[in-house]
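A.B. asks: Output the structure for:
(chains A, B, C and D)
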Amino acid sequence: MSAAREYFAAIRRAVFSLADGLSVTVSYLLRRPVTIQYPDRTAQPVQRLLPERSRGLLEVDVERCTACGLCAKTCPIDCIVVETGKDAAGARLHTRMDVDLGRCMFCGLCVEACPTGAIRHSREFEGGMARVENLLVRFLDAPRPPAKPPKKGEEPPEKPAGSIIRSRLPGAFAPARRCAGGPDAKPGGAA
Amino acid sequence: MRALAEYLAASWQLSPLGRELLSAGLILLTAIVVFAVALLIAALLTWLERRVAGRVQSRVGPNRVGPLGLLQWLADGLKMILKEDVVPAAADRPLFLLAPYPVMIGVFAAFATVPFSQLLIAADLDVGVLYLIAVTSLVVVGILMAGWGSNNKWSLLGGIRSAAQIVAYEVPAALALLSVVVMAGTLSLQSIVAAQGGWPWEWYLLRTPFGFVAFFIYFTAAVAEGNRTPFDLPEAESELVAGYNTEYSGIRFGGFFLGEFANIYLMSAIASALFFGGWQIPGVTPAEQVGSVWWQALGFLVFVAKAGVGCLVVILLRWTFPRLRVDQLTALCYRYLAPGAFLCLVGNALWIVLVPAGSLFERMVGYGMTAVAAALGLWFVLRMRRHMVSTGDRLDLDLFARGHTRAAFDPAWQARAYGRFRRRRPGEAS
Amino acid sequence: MNPTEIQERLGQRLGASLECGGAGADAFVIVPAERWLEAARALREGEGLDFDYLRSLTAVDRPAEGKIDVAAHLFSYKRRHALTLKTRLDRAAPRIASLGAVWPAAHWHERELWEMFGVAIENHPDLRHLLLPEDWPGHPLRKDYAMPERYQGIPTRRPAPLAEPAAGTGPTNTGPKNPPEAP
Amino acid sequence: MSEIVETAGREELILNMGPHHPSTHGVLRFVLHTDGEIMRLARPDIGYLHRGLEKLAEGQSYPGYLPFCDRVNYLEGIFCEQAYAMAVERLLKIEVPPRAEALRTITAELNRIANHHICLGCISMDIGAYTPFVYLLRERERINDLMEALCGNRLTYHYLRLGGVAHDADDAWLKNALAFVDKFERVIPEFESLIGKNEILVRRLAGVASICGADAVAYGLVGPNLRASGVDWDLRRDAPYSFYPRLSFEVPVGKGERGTVGDCYDRFLVRVEEMRQSCRLVRQAIEKLPAGDIRAKVPRVLKIPAGETYACVEGARGELGVYLVSDGSDKPYRLKWRTGSFAAMSIIETVSRGLMIADLVALIASLDVIAPETDR
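C.D. replies: Residues are numbered from 1 along each chain as shown, chains lettered A, B, ... in the order given. Sure thing, here's the model as predicted:
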């Protein structure tokens, strides 16, 4: 008798639990999808949808850099190289400021170490390249005297975030895309 | 079809040979039309499947090729045709190459007897139901060929699972169909449809309690025969990689794929014809339909809509349920479905004998069953509502919504950019 | 039971005075290598000890002392106390008995110990490489391990573009397009 | 079919499951000896994701190794960071400020929920239901957004620092976190309706691959897997650390509701319940969030006194331990990760005898093994 009861109880359980599951999925036919259609059907450029702290590709503002090399020392995987030299008059020259973004693991330790805010994370992330070597970014075009540590309240004006890396990795970023947002469709640029 | 051939032959005054040729040509033409229609249906079903799956999963689904992504199937088909048709070096070549054909033949040949409307049927066979059961069994041959011919162990396991499954589920499917045949007293699909009526209580589904149960048994068994979730063991992705079609690529894979989708429509169409009154329009008798093109067209639409709902349910099942295990699959068949189907057959047979046709009792049962079905539907809708309310989601009837947009995190973020990159001392607020 | 009591009781059972140390959860006992299995059994079955759970089994290479220290972190769910059982092996020919019979969990740890430190495990039923390929040379977690430059003809290091000297002056942007677009 | 071997008059089919197979999460291989669908032996072959994280530690500074911790297990970054940070802090004898401890707890519990999303989703996906996985990923996305807003990254958080945390959470973030918890607690019943109570799922999991408590302890299973086997043990409650002593929660234990204790369904249910408890914990920790510093004073160049310690936290897969040996320099002398997946993987060979192929898939998923954590 109990076997028969269990037989029918199993049928009842199966039918109702399956129907209940089905009611969940059917109800989703009548709810709005949560997808955000990256990259071209977002309200704004995706970079703007990221939170402030988002750790994107590194960029270095050489006009702020004092060439102290703390970032390179802190980097756990040695993806930053800072070199200095002397010019003819014997003054200190900043000769090299390279970041291998192909190696960078976006931990942010260099940014924390930097005393002047010269190295920082942008919110750019679309650095796709055909060859990984191309992600070696040289931020210094020519040797220049390193910046002086700024006095309080006299910090130099800051460049718009993302503008440096965009100019250093040309072609990596897609051209201005059609965004549902409209006029400010130029992602990440100086708005 | 034969009538048409004779009519044309008579009007064109053809010789006996000409008659034969004409008749053969017409058959060929019909076959091509049936094949094309089945292909088109299968292709559109792939679109439906992907859109429904998308929406069910809070996604959007294909929406880039053509309006609403409606041409996605064309792009996919083109892609499949252009892809290389790889044959593994160690495969049993002839078996491997031929395997998709039995699958496609098995499904597409069955379309010949689908009564799309009162007149729109390629061949209204006297043995329609038997023909259907017989010809769809061909699928298993193709899958076994694919499983063995691939010379891949996952494929072999898939093929063997499939054989066990399809052979097992033939039994309840056939018995459930026969319980309708008993009621109608004919094997011809058109006659079975004609024996029902347009109103729900005139359908075989709701005319007797046995028909109601038989429908669910048939539907379950048909899903199993079509290798659809929750019975998709032969191609169980997470277990057998892709089962019998692991080694297939290009258009040969497309053959299996289209066969599967055509099969969904086929099973829904059969269910619609046998249990849901097919093309019958409420309040319009078959005799009234014959003369009018408009009634015919409406009947066609009614049929397609009923079958379409069936397809939708099959698709939703796939995106809802996990799959059974091999032993549970056969246990379900032999412990629950097969005895149930047999009881339905016996029950319907007794019903015919004991309940006089057209009696008040029969009508009352019909009304009662309809009320029960409506109550179940209401329960289902209330459950849906409950889920939506409990998670705080809103009803959104825009079925083709393009998804969400998210506001920017903070429009003034750039103004604060410097502060956030400044090095912070321990304890300093960020 | 507090660590001192455990250490005392183990000493009693082994009939030897053992080198002990550490405090709280990091208390340890050092046993001679040849009494490793015996000590493990005593800890597993000893009255009031009941160390039923082998947390981890690993080693520390100390080339300066010519030793490899093996440490088994033990815990008892029943008594809720912890102990680290240690032994010191000769670095030149480290050998140790398998603890698999006491805690089945030890099997995999010992396979790792064997391939990473080269500690031979006695009576291990299935001593195969665990994490490394079967033909991998050397014992990577030893301090003097040098990574082979190539493995089966495949270089083991990735190219390091940073190693190249600065490319002088002028824009050296290297985008996917060549020549690079002007910024 | 050349590999059908005859052993003791019995034919066995040797199947290679992986390293690329839909249900081996990560890159992982099983060698199956089967008799038809029934398994005689399933032998895991690991190491495909071995990155030498223990060796790498020996060349890193103490703070510099923290970002690597996220890579030990990409699904529970916070726990790995916390275990490592606790080990270093214990050797340094630093007190972490209470606000930092509370923030560690909040992020850790969010991380636990996110991890269980993946686990439960994988269980349902591996037994054939794809949609629950997508729903859980959708919810997980909200956690990722929260973590990104707080830590800066969505997966490899690098949120903890030695002696505290990197960033403070502002009120807006805390409000968002509470909103997530509120919403998510209402999604769990829906998930249960969809799949958790689904008869097919129950039948696929209940009574399958039971691990008894004694075996679980002997093989060193930890966390939800251990609790599912009926062993009532949770480091958060039984060896309290961080902010947990000030929070109240329950520890779910497997009861063998529809099958036997320690079966796959118990492991499933324990995780569902843990997500509920994590929601409670997040809410309490936010309510009790103390004011104050988020980082203790730690010298810039860290030299740690010689010594050794074993620090462990209750990670999403259970006890996640770090055995840290210091020789007084600024680099770890030896670091060993004790991970839950390693133990879980080692028991598969024993448990899987006599199961069917489909059951093995459920077993792997329900043990929540993650290849990077096994291989390190």
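A.B. asks: When you work out contacts or count neighbours from here on, use the C-alpha atoms and nothing else.
C.D. replies: Noted.
A.B. asks: Span of stretch D:187-201 from start to end?
C.D. replies: 19 Å (CA to CA, to the nearest Å).
A.B. asks: any idea of the mean pLDDT for that stretch?
C.D. replies: Computed over stretch D:187-201, the mean pLDDT rounds to 87.
A.B. asks: and if you look at stretch B:211-218?
C.D. replies: 90.
A.B. asks: any idea how far it is from the chain center?
C.D. replies: 16 Å (CA atoms, centre = their mean, to the nearest Å).
A.B. asks: cool, stretch B:171-189 as well?
C.D. replies: 19 Å.
A.B. asks: Check stretch D:216-223 too.
C.D. replies: Chain-centre distance of stretch D:216-223: 14 Å, with CA atoms, centre = their mean.
A.B. asks: anything in it near chain C?
C.D. replies: Yes - under the criterion of CA under 8 Å from any CA of the partner chain, chain C is reached by stretch D:216-223 at D:217, D:218, D:219, D:220.
A.B. asks: any chance of these in JSON lines, plus distance to residue C:106, pLDDT and secondary structure?
C.D. replies: Shown next, in JSON lines, are these (distance: CA to CA, whole Å; pLDDT from 0 to 100; DSSP: H, G, I helix; E, B strand; the rest coil):
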{"residue": "D:217", "distance to residue C:106": "12", "pLDDT": "90", "secondary structure": "helix"}
{"residue": "D:218", "distance to residue C:106": "9", "pLDDT": "89", "secondary structure": "helix"}
{"residue": "D:219", "distance to residue C:106": "8", "pLDDT": "90", "secondary structure": "coil"}
{"residue": "D:220", "distance to residue C:106": "9", "pLDDT": "88", "secondary structure": "coil"}
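A.B. asks: List the contacts of residue 61.
C.D. replies: Reading this off chain A. For residue A:61, the contact set (CA atoms under 8 Å, 6 or more residues apart in numbering or on different chains) comprises A:118, A:119, A:139, A:159, A:164.
A.B. asks: meant chain D, my bad for not saying
C.D. replies: A:76, D:302, D:330, D:331, D:332.
A.B. asks: Can you check my assumption that the first one lies in a helix?
C.D. replies: No - assessed by DSSP: H, G, I helix; E, B strand; the rest coil, residue A:76 does not belong to a helix; its assignment is coil.
A.B. asks: I'd like to know how far it sits from residue C:143.
C.D. replies: Counting by CA to CA, the separation of residue A:76 from residue C:143 is 20 Å.
A.B. asks: who's more crowded, those two?
C.D. replies: With neighbours defined as other CA atoms under 10 Å in any protein chain shown, residue A:76 and residue C:143 compare such that residue A:76 has more, 24 against 17.
A.B. asks: Need the pLDDT of the nearest residue to the more buried one once chain neighbours are set aside.
C.D. replies: Distance criterion CA to CA, 6 or more residues apart in numbering or on different chains; nearest residue to residue A:76, sequence neighbours excluded, is residue D:64 at 5.1 Å. pLDDT, residue D:64: 88.
A.B. asks: list the contacts for residue D:64?
C.D. replies: Residues counted as contacts of residue D:64 (CA under 8 Å, 6+ apart) are A:74, A:75, A:76, A:109.
A.B. asks: and the third one, what is it in contact with?
C.D. replies: Neighbouring residues of residue A:76 by CA under 8 Å, 6+ apart: D:60, D:61, D:64, D:65.
A.B. asks: wait, which of the residues of stretch D:216-223 next to chain C is closest to residue B:134?
C.D. replies: Ranked by distance to residue B:134 (CA to CA), those are led by residue D:219 at 54.2 Å.
A.B. asks: Can you get me a residue count around the closest one?
C.D. replies: By other CA under 10 Å, neighbour count at residue D:219 equals 26.
A.B. asks: three-state assignment of the residue in chain A positioned nearest to chain B?
C.D. replies: For chain A and chain B, the shortest gap (CA to the nearest CA) falls at residue A:33, measuring 4.0 Å. The three-state label given to residue A:33 by three-state DSSP is coil.
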